[in-house]
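Chemist: The sequence and its predicted three-dimensional model are supplied below.
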Amino acid sequence: MAKAAATVYVCQKCGSQSRKWVGKCPDCGEWNSLVEERARTAPKGDAGARARISFRSEAKPIRYDEIASQDDARVSSGVTEFDRVLGGGIVPGSLVLIGGDPGIGKSTLLLQVADKLSAGEGRVLYVSGEESERQIKMRGERLRIEAKNLYLLPETNLEAILDEIERSEPTAIIVDSIQTVFSPRIESAPGSVSQVREVAGQFLMLAKGRGVPVFLIGHVTKDGSIAGPKTLEHIVDTVLYFEGERHHNHRIVRAAKNRFGAANELGVFEMTGAGLVPVANPSQMFLQERPENAAGSVVMVCMEGTRPVLVEVQALVSGSKKDSERRERPEGKQDLAQQMRDIFSGRGRRVTQGIDQNRVTLLVAMLEKQVGFPKLNDDIFVNVAGGLEVDEPAADLGVVAAIASSFKNTPIDPHVAVFGEVGLTGEVRGAMQAQARAREAQALGFKKLILPASNAEGLQRLLGLRVVGVRSVEEALDELF
């Protein structure tokens, strides 16, 4: 009698295993994430069947200086912004994972890339586990794609997909999506931790063994991270995230991990009726609707990977409702308990979009302590216009300037740009790649740039741009107003 397969409970967030079900994962702390799966070893004869896609049949050590460079082996995808995010082009044998919200444009972008790659003699295989070939054809007709060497395979069985790859020998492979592909050797549902690990591992060996680039489309969870275990992101070479608001016509592709280029690189696209169109100058796009002579608005220069981007930061300082109620209440009718409640509950709200809320709260506290802005009890709203997410410390000075402008109700000169990190004592610290930031501001016609004093050296010779170095927030505000 065959031995019954053991049962294990696997966390769908981190991949941790447990012999019994628990409500909270002991490793990652996620609640209700353990799912029952069958722990079964693969048959002995199965290893030989998969030997054709092994990474290397006989691995031998190779001397470092004998290894050929891969920089000249990159292949252009035909989409400039996609090449930028990948680090300059597609590396043969790379495994790329692309994640994003449903309907944001993942399949559209990769279908356009497949069209460009199949324009020559290359043969591109598009494996679809969610759409039929007719649905993909309809999207292709809307995008005006004429790919003659693009082959569609509506299949979810991993063994059948590998057999087709063995037969057709494509030059590039697209899998939409990895959560729908399953291996019959694993007794669990498609999209589970075991299935995702097995499928990703097989495609990794395929990509490295044959030198074929493989693109995997992944689902995302409610918090925006790619669904499946975190080990999935460690397996692949590059992890790309699609970002963008549904109410904006632009989309952003950000590299969260890249073994062949700079991480956090940014690619900007515009969603049109003909598909995703690369945006050559994102700074101009983010600033095209900026209001002039408006209080609470300032332009800051941020770095996204190796690219400087100018964006508008908006702030609104408004008196809180609790503050007005406290002013209307007669002084004689306030007891001690009510006064204490007012002290601890009187802090205003901090609402942010596109920037970390905790960072804004820290900067507001610094402004009150070091500069004398009594605004802890006021409601403060901060927004990065255009839907861009900014997370670098050099955005601090822009946030401080926008809040001060709204507090004073005094507009900042529209031809002024700022950047710099702000400390808790009010000092302005240096930022990386100051020269690239300054040249971007100069190219867009800005007349004045306020930056940390440690970055100002060597930037005084930029034609038409006055560079002002500041050491503290007080110096920066004096220069701005």
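Modeler: Alright, I've got the coordinates. Please read all numbers here as calculations on a predicted model, not as lab measurements.

Chemist: Would you mind listing where the stretch 351-481 of the chain has pLDDT under the threshold?
Modeler: Residues of the stretch 351-481 of the chain meeting the criterion pLDDT under 70: 375-376.

Chemist: Could I get the full set of strands for it?
Modeler: 379-384, 416-418, 421-422, 428-429, 448-452, 466-470 (DSSP state E, counting those that start in this stretch).

Chemist: closest to Leu266 out of the ones you listed?
Modeler: In terms of CB to CB, the element of the strands of the stretch 351-481 of the chain nearest to Leu266 is strand 379-384, at 13.7 Å. In this view, the C-beta of every residue, glycine as well, is placed from N, C-alpha and C.

Chemist: That closest one pairs with which strands, and in what direction?
Modeler: Applying DSSP bridges, strand 379-384 is found paired with strand 307-318 (antiparallel), strand 350-353 (parallel).

Chemist: still on that earlier bit, need the strands of the stretch 351-481 of the chain in CSV (columns: distance to Asn293 and mean neighbour count).
Modeler: Below are those laid out as CSV (distance: least, CB to CB, whole Å; neighbours: other CB atoms under 10 Å):
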stretch, distance to Asn293, mean neighbour count
strand 379-384, 18, 22
strand 416-418, 12, 25
strand 421-422, 25, 22
strand 428-429, 25, 22
strand 448-452, 16, 24
strand 466-470, 20, 19
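
Chemist: possible to save these as JSON lines with distance to Thr272?
Modeler: Shown next, in JSON lines, are the strands of the stretch 351-481 of the chain (distance: least, CB to CB, whole Å):
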{"stretch": "strand 379-384", "distance to Thr272": "24"}
{"stretch": "strand 416-418", "distance to Thr272": "29"}
{"stretch": "strand 421-422", "distance to Thr272": "37"}
{"stretch": "strand 428-429", "distance to Thr272": "41"}
{"stretch": "strand 448-452", "distance to Thr272": "34"}
{"stretch": "strand 466-470", "distance to Thr272": "38"}
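
Chemist: Longest helix in the protein, please.
Modeler: With secondary structure taken from DSSP state H, the chain has its longest helix at helix 193-210.

Chemist: rewinding a little: any idea which of the strands of the stretch 351-481 of the chain gets closest to Gln370?
Modeler: The closest of the strands of the stretch 351-481 of the chain to Gln370 is strand 421-422. By CB to CB, the value is 9.5 Å.

Chemist: now the closest one: how far from the chain's centre is it?
Modeler: 23 Å (CA atoms, centre = their mean, to the nearest Å).

Chemist: Give me the contacts around that strand.
Modeler: Applying CB atoms under 8 Å, 6 or more residues apart in numbering, the set of residues contacting strand 421-422 from outside is 363, 366, 393-394, 396-397, 400, 428-431, 452, 473.

Chemist: try 10 Å this time
Modeler: Identification of contacts with strand 421-422 by CB atoms under 10 Å, 6 or more residues apart in numbering yields 359, 362-363, 366-367, 370, 392-400, 427-432, 452, 472-473, 476.

Chemist: Out of those residues, which end up buried?
Modeler: The neighbour-count test (16 or more other CB atoms under 10 Å) marks 359, 363, 366-367, 370, 392, 394-400, 427-429, 431, 452, 472-473, 476 as buried among the contacts of strand 421-422.

Chemist: the inter-axis angle of the following helix or strand past the longest helix of the chain versus helix 193-210?
Modeler: Per DSSP states H and E, the first helix or strand lying C-terminal to helix 193-210 is strand 214-218. Interaxial angle of strand 214-218 relative to helix 193-210 (axes from the mean of the first three to the mean of the last three CA atoms, to 10 degrees): 160 degrees.

Chemist: Listing partners with orientation, what would you give for strand 214-218?
Modeler: Here strand 214-218 is paired, per DSSP bridges, with strand 95-99 (parallel), strand 172-176 (parallel).

Chemist: would you turn these into TSV with mean neighbour count and distance to His250?
Modeler: Shown next, in TSV, are those (neighbours: other CB atoms under 10 Å; distance: least, CB to CB, whole Å):
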stretch	mean neighbour count	distance to His250
strand 95-99	25	17
strand 172-176	24	23
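
Chemist: Between the ones you listed, which one is closest to Ser405.
Modeler: With CB to CB as the measure, strand 95-99 is the member of those nearest Ser405 (37.1 Å).

Chemist: Quick one: mean pLDDT over that closest one.
Modeler: In this model, strand 95-99 has a mean pLDDT of 93.

Chemist: Grab the CA positions of that strand and hand them over as CSV.
Modeler: As requested, the backbone C-alpha atoms of strand 95-99 are provided in CSV (Å, rounded to 0.1, in the frame of the first residue of the first chain):
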residue,chain,number,x,y,z
LEU,A,95,14.2,36.2,-15.4
VAL,A,96,12.1,39.4,-15.0
LEU,A,97,9.0,39.6,-12.7
ILE,A,98,6.5,42.4,-13.3
GLY,A,99,3.7,43.1,-10.8
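
Chemist: Tell me which residues of the longest helix of the chain come out buried.
Modeler: For helix 193-210, the neighbour count (16+ other CB under 10 Å) marks 193-200, 202-208, 210 as buried.
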